[in-house]
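Enquirer: Here's a sequence, model it:
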Amino acid sequence: MAERLQKFLAKSGIGSRRYCEELIKSKKIKVNGQIALIGSSVNKNDEVEYDGNIISFTESEIKLLILNKPEGVLCSNKKEKNIPIVFDFLPEVKSNIRWISIGRLDINSSGLMLFTNDGTFANYCMHPSSSIDREYLVRARGDFTKEKKEKMLSGIKINQDIYRFTDIVEGEKQSSNQWFSVCLMSGKNREVRKIFNAVGLEISRLKRTRFGPIFLPSSLKKGSYLELSSKEIDSIKNYGI
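Expert: This next block holds a predicted model:
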C-alpha cells in the first residue's frame, strides 16, 4: 500500500510531518535515486534515502517499550565520551525497527521512559494537543510554603515561557528534605527542576513514575525494559478522550 512520502518519513522517526516536508522541499530526500518531490507517494518497492541512509518501508504494528532509566544515563542516540545512553539498555535493533524516544529525562533523573518504532505515534504522544500528563516523584531541599505551592500551580514565567504543575501532593519530610508528587501536562526541557528552582527549592532526586495511563512497574529494575501490550498502547491513544 502506498502512502505519502512525508507521512512515511514521519512514521520512520525522522521528525514531524512538517519537518519532513521541509526536508523534501530542501531536496534532502531521494526516492529510487532521484530527488523527491513534495506530495509524492512511496510503497515497499521504493528505495527512500535520507542523509546517505536507506529507510526501510514497514507496515508492522506499533511497538512500545518501557524503560526504567537509571541516573547517569544520557537520553541521546550518540555516545559522548564513555557515558552510557538509554539505547544501550534496549533490545538490539532489527532491520525494520528503529527505536524512537518519546520525550527525554536529563542525565541526573531516573524512571519511566517510553520508546516506539512508530514516529507518528511518538509525535502524537509528545504533542501538547494530546493532553497527556506526566507524574514525577521529587525530593527537594528548602522551605516549602503555601505561597510557593500556589505559585507553582498558577504558573511561573521563565525565559518568556510559562511553567506550571497541574497538581502537587506533599509527602514525607526528612530533615531539610521533603518528598513531593507532581504532575504536569508538557515535557519542556528540565521543566520540573526549573519550577522548583524558581521558588528556591533544590532537587536532589527526580524520578518519572507515570506517563498518561502508563505507570512505572515497581518490579521493573533500573536499566531494565519490557514491551507493552496493544491494550496499553490503545490506552495512550484514548487517554483523555
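Enquirer: Now for the closest residue to D118 other than its chain neighbours: which residues touch it?
Expert: Nearest residue to D118, sequence neighbours excluded (Cβ to Cβ, 6 or more residues apart in numbering): I62, at 4.6 Å. Where C-beta positions appear, they are placed from N, C-alpha and C, glycine not excepted. Under the criterion of Cβ atoms under 8 Å, 6 or more residues apart in numbering, the contact list for I62 reads T116, N117, D118, F121, S230, I233.
Enquirer: beta partners of the nearest residue to the last one once chain neighbours are set aside?
Expert: Distances taken as Cβ to Cβ, 6+ apart put L64 closest to I233, at 5.2 Å, once the chain neighbours are dropped. With DSSP bridges as the criterion, L64 is bridged to T116.
Enquirer: Can you check the pLDDT for the residue positioned nearest the centre of the chain?
Expert: Against the mean C-alpha coordinate of the chain, by Cα atoms, centre = their mean, the closest residue is G103 at 1.4 Å. Model confidence at G103, given as pLDDT, is 91.
Enquirer: Could you check how far it is from K151?
Expert: For G103, the distance to K151 (Cβ to Cβ, to the nearest Å) stands at 25 Å.
Enquirer: Quick one: residues in contact with stretch 156-169.
Expert: Counting by Cβ under 8 Å, 6+ apart, residues outside stretch 156-169 touching it are 133, 149, 152-155, 180-185, 188, 191, 194-195, 198-199.
Enquirer: Likewise for stretch 84-93?
Expert: Contacts of stretch 84-93 with the rest of the structure, by Cβ under 8 Å, 6+ apart, involve 65, 67, 69, 72-79, 99, 101, 113, 115, 223-225.
Enquirer: Now it: buried residues?
Expert: Of the residues in stretch 84-93, those scored as buried under the neighbour-count criterion (16 or more other Cβ atoms under 10 Å) are I85, V86, F87, F89, L90.
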